[in-house]
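K.L.:
Here you go, sequence then predicted model.
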Amino acid sequence: MTSETATGPVETYRYDDAIAKKFLLATVFWGLIAMLVGVTIASQLGNWRLNFGIPWLTFGRLRPLHTNAAIFAFAGNAIFAGIYYSTQRLLKARMFSDALSAFHFWGWQAIIVIGAITLCMGFTVGKEYAELEWPLDIAITVVWTAFAVNFFGTLIRRRERHLYVAIWFYIATIITVAILHVVNSVSIPVSLWKSYPVYAGVQDALIQWWYGHNAVAFVLTTPFLGLMYYFLPKAANRPVYSYRLSIIHFWSLVFIYIWAGPHHLLYTALPEWAQTLGMIFSVMLLAPSWGGMINGLLTLRGAWDRVRTDPILKFLVAGVTFYGMATFEGPLLSIKSVNLLGHYTDWIISHVHGGALGWNGFITFGMIYWLAPRLWKTELYSVRLATAHFWAGFLGIVLYMSSMYVSGITQGLMWRAIDPTTGRLAYPDFIETVVRIVPLYWVRATGGVLFLSGVTMMIVNLWLTIARAPKEVKEEVYAAPSLRPLTPEALIVADRRPHRMLEGLPMVFTVLSAIAVLVGSLIEIVPSFLAHDYVEANPIRASGDRAIKPYTALELQGRDIYVREGCYTCHSQMVRPTEAETLRYGTYSRAEESIYDRPFQWGSKRTGPDLARVGGKYPDLWHFRHMLDPRAVVPGSIMPPYPWLVRDELDLSLSERKLRIMRTLGVPYSAEEVAAAEPSARQQAREVAARLEVEGAPQGLQDKEIVALIAYLQRLGRDLRQGVAR
Amino acid sequence: MSVIYLMLPFALLLGLGFTVAFVWMTAHGQYDDLETPAYRLLLNDEPVDGPARKGRDA
């Protein structure tokens, strides 16, 4: 603080706490909604009747609502509350623009509300955690940019030259999320609420999980680490254990994280070298993550006794501990052999909820209990109620995580069990492995209810705290010397230490971070565009045609229905190359099979069986009965019924446009096929309906959505099965 | 696997850049001054129009 404090005249300023209050209240509100939806879908897995046969209440549509609400509404608003409070104080400056702050707040809430409505209506891109359709993607980009301008404007106008480590984490978050969101969301609109991603198949998979993993990294990790580095020392009234470690933590984390995405695609049709790269970097992540965790926990040295009495420290300490657990488990699950057991099972669900409920949830609650009395200038209504919240939440997480571990490992072992005497699957019927774990779904739902009950305690506590707050609070005035205009020359003269120079030049720092992130990203993504490297040449049949054919107009429509209903939330389309999987599903999946898939639908969870080879496995009538009442053909099934598919008219008005867009994107449809999209789809629909009628289904199905879905399902995995000459 | 020609230079460049930055920063005493920011965080701003300075115009 000596050499660089060559400063200008003293200036006065006020902090904008109203914006932090708004975001804090939004956090609480959306947290309640996200968890209510979470408990609902957890119960739906326990009892299918809770889907009520209503489209917008069905699991496949509510699950994206739950994940998006938890990540972008609950955690998102929590991040903004913490950033708006701490940034102003760390930089000794009011936010750059009150108008931008207000735009950010109301814009973000509007996106959440419209997002929730559209997801319930089935408007979805069908890529996990990026489900919102293109108009909302554009809105997110605009609001996020406003946030970025507001933040960097504040950075430029700051009165504290040194940038505390928390600020770096915020910078990395703002830059990286912007890049991830834009790159992953590039798509071509078909209509107001339907679009196709420009990437297909394996490329879409790689981009999506590069985004998906880094959504975890730069929405749920780096900003919360920034919050940890601010609020934990503040709450403990102890300096962070090692400031040096925090710097190492930051740099190593941002550079390693961006490489880890392919660990979501182990044993899939992604080239093996990319899988191995993702695995290695994921394992490496253990070091910086645990460095950060240890740094957080050791900050409490000499203050551990206060954890007994202070619920804020309880939340923060438990939160950091859950961070440590989740970042140990993440690298573990990224090891290919472990992933082979855990992937597609509830183990992953346990893992993410350890992070979401334990790390993000508890850090948020600790921050809220610390912030609320300070923002509203009063005392917390009840410390005992806050402590009760902690224990309810903690017990809830324990029930949640332990039940999902048991469920995941049980099911994973059952899937792979092979009878050594016969060489056949020990549990050939998928449903056997489902029925076994249903009781655990109720334990999980109970854990969720406990966690939610803790949140209701917090709402009561906050309500009573705010009720007794003074009505009128004047914004206090602070004073600090302004910084001289920052020129690189002046800084070099003032301080020759390079890292300090970086800190003093936020824009330079920002650009460098962006370049670092982009370089890491390019290395993994650009190769996927070299299609001949990634996708083996489309095999040629004896007859001379290409083996993998584009979807017919009707199949494409059926695929869009599959995406709309969120089938991918429970069904994968990716057979891994293991004995157990090929015995259960058929030949393992290959990259070329999904070259026309926009979006790819490889999935990440098998609540139901894989569907990559389901085409031709059952008669059309089986699918008809299954969609109407899954238990009619699979006793014990937990799948929701889809009666509206038989009721609703098949809308093919966009088919021609859909095929034309696909053709633009390189799918080999002829001009004639595009022009005849609707009539040819109608023709195929009549054929499917006629087959259904022969098999015993009612008449008149050719105009219903169900025929399109059946046409799509019956197509899955068939192309490669027919004679291929190589 | 022609992509390796794209990947390797990038990877080497990154690794090299980090090594240089680290050595440079260590040599220039960057890590000597990493104590004060942690303590400065704990200092609360005192409002200039607080009770102690009542009456004074901000």
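P.N.:
Now that the structure is in, tell me what you want to look at.

K.L.:
Report the contact partners of A:I256.
P.N.:
A:281, A:284-285, A:288 (C-beta atoms under 8 Å, 6 or more residues apart in numbering or on different chains). For every residue, glycine as well, the C-beta is placed using N, CA and C.

K.L.:
Quick one, grab the pLDDT at it.
P.N.:
A:I256 carries a pLDDT value of 84.

K.L.:
Quick check: which element contains A:I363?
P.N.:
Using DSSP states H and E, A:I363 sits within helix A:362-375.

K.L.:
thinking again about what came up before, which ones among the contacts of A:I256 lie within helices?
P.N.:
For those, membership in helices holds for A:281, A:284, A:288, with DSSP state H as the criterion.

K.L.:
Does the closest residue to A:A200 other than its chain neighbours fall in a helix, a strand, or a coil region?
P.N.:
For A:A200, ignoring the flanking residues on the chain, the nearest one in space by C-beta to C-beta, 6 or more residues apart in numbering or on different chains is A:R598 at 5.0 Å. Three-state assignment for A:R598 (DSSP: H, G, I helix; E, B strand; the rest coil): coil.

K.L.:
burial measure for residue 27, as a count.
P.N.:
As the question left the chain open, I've gone with chain A. Number of residues near A:T27 (other C-beta atoms under 10 Å in any protein chain shown) recorded here: 24.

K.L.:
that's the other chain; I wanted chain B
P.N.:
Neighbours of B:A27 (other C-beta under 10 Å): 9.

K.L.:
Just the pLDDT for it.
P.N.:
72.

K.L.:
ok, now A:A547?
P.N.:
81.

K.L.:
If we ignore the residues flanking it in sequence, what's nearest it?
P.N.:
Here the residue nearest A:A547, using C-beta to C-beta, 6+ apart, is A:P539, at 4.2 Å.

K.L.:
Tally up the residues packed near the one you found, please.
P.N.:
15.

K.L.:
and what of the one 5 residues further on?
P.N.:
Applying other C-beta under 10 Å, we find 7 other residues in the vicinity of A:G544.

K.L.:
Helix, strand, or coil at it?
P.N.:
Applying three-state DSSP: A:G544 is coil.

K.L.:
A:N538 too?
P.N.:
A:N538 ends up coil, using three-state DSSP.

K.L.:
one step back: what helices and strands are in contact with the helix holding A:I363?
P.N.:
helix A:17-46, helix A:76-91, helix A:222-236, helix A:311-334, helix A:383-416, helix A:438-467 (3 or more C-beta pairs under 8 Å, 6 or more residues apart in numbering or on different chains; DSSP states H and E).

K.L.:
Contact partners for the residue nearest to A:G60 when sequence neighbours are not counted?
P.N.:
Spatial nearest neighbour of A:G60, excluding adjacent residues (C-beta to C-beta, 6+ apart): A:G566 at 2.9 Å. A:G566 sits next to A:58-61, A:63-64, A:122, A:124, A:126 when contact means C-beta under 8 Å, 6+ apart.

K.L.:
now, which of the residues you listed sits nearest A:N47?
P.N.:
Nearest to A:N47 among those, counting by C-beta to C-beta, is A:F59 at 11.3 Å.

K.L.:
Any idea how many residues pack against the closest one?
P.N.:
23.

K.L.:
What's the per-residue pLDDT of it here?
P.N.:
In this model, A:F59 is scored at 97, pLDDT.

K.L.:
That one contacts A:T569, correct?
P.N.:
Yes. Counting by C-beta atoms under 8 Å, A:F59 does reach A:T569; the two are 6.9 Å apart.

K.L.:
sorry, back to before: list the contacts of the helix holding A:I363.
P.N.:
With C-beta under 8 Å, 6+ apart, helix A:362-375 has contacts from A:17, A:20-21, A:24, A:27-28, A:31, A:74-75, A:78, A:81-82, A:85, A:224, A:227-228, A:231, A:234-235, A:311-316, A:318-320, A:322, A:379-380, A:386, A:389-390, A:393, A:454, A:458, A:462, A:465-466.

K.L.:
just how off-centre is that helix within its chain?
P.N.:
In terms of C-alpha atoms, centre = their mean, to the nearest Å, the gap separating the centre of helix A:362-375 from the centre of its chain is 24 Å.

K.L.:
for stretch A:243-253, same thing?
P.N.:
With C-alpha atoms, centre = their mean as the basis, stretch A:243-253 stands 25 Å off its chain's centre.

K.L.:
What of stretch A:182-193?
P.N.:
18 Å.

K.L.:
for that stretch, which positions count as buried?
P.N.:
For stretch A:182-193, burial by neighbour count (16 or more other C-beta atoms under 10 Å in any protein chain shown) applies to A:184-185, A:187, A:190, A:193.

K.L.:
Please flag which of these sit within strands.
P.N.:
Secondary structure defined by DSSP state E assigns A:187, A:190 of the buried residues of stretch A:182-193 to strands.

K.L.:
Would you format the buried residues of stretch A:182-193 as TSV with distance to A:T587 and pLDDT included?
P.N.:
Below are the buried residues of stretch A:182-193 laid out as TSV (distance: C-beta to C-beta, whole Å; pLDDT from 0 to 100):
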residue	distance to A:T587	pLDDT
A:N184	30	84
A:S185	33	86
A:S187	31	88
A:V190	32	95
A:W193	36	95
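
K.L.:
I'd like the buried residues of stretch A:182-193 as a markdown table, with distance to chain B appended.
P.N.:
Output for those, formatted as a markdown table (distance: C-beta to the nearest C-beta, whole Å):
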| residue | distance to chain B |
| --- | --- |
| A:N184 | 21 |
| A:S185 | 25 |
| A:S187 | 25 |
| A:V190 | 32 |
| A:W193 | 36 |
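
K.L.:
nearest to A:W359, of the buried residues of stretch A:182-193?
P.N.:
Nearest to A:W359 among the buried residues of stretch A:182-193 is A:N184, at 23.4 Å by C-beta to C-beta.

K.L.:
what about the helix or strand hosting A:Q109, distance to the chain center?
P.N.:
A:Q109 is part of helix A:98-120 when elements are defined by DSSP H and E. Using C-alpha atoms, centre = their mean, the distance from the centre of helix A:98-120 to the centre of the chain it belongs to is 18 Å.

K.L.:
C-terminal to that helix, what's the next element?
P.N.:
Note on helix A:98-120: by DSSP H and E, the next helix or strand toward the C-terminus is helix A:134-156.

K.L.:
quick check: angle from that following helix to strand A:187-191?
P.N.:
140 degrees (axes from the mean of the first three to the mean of the last three C-alpha atoms, to 10 degrees).
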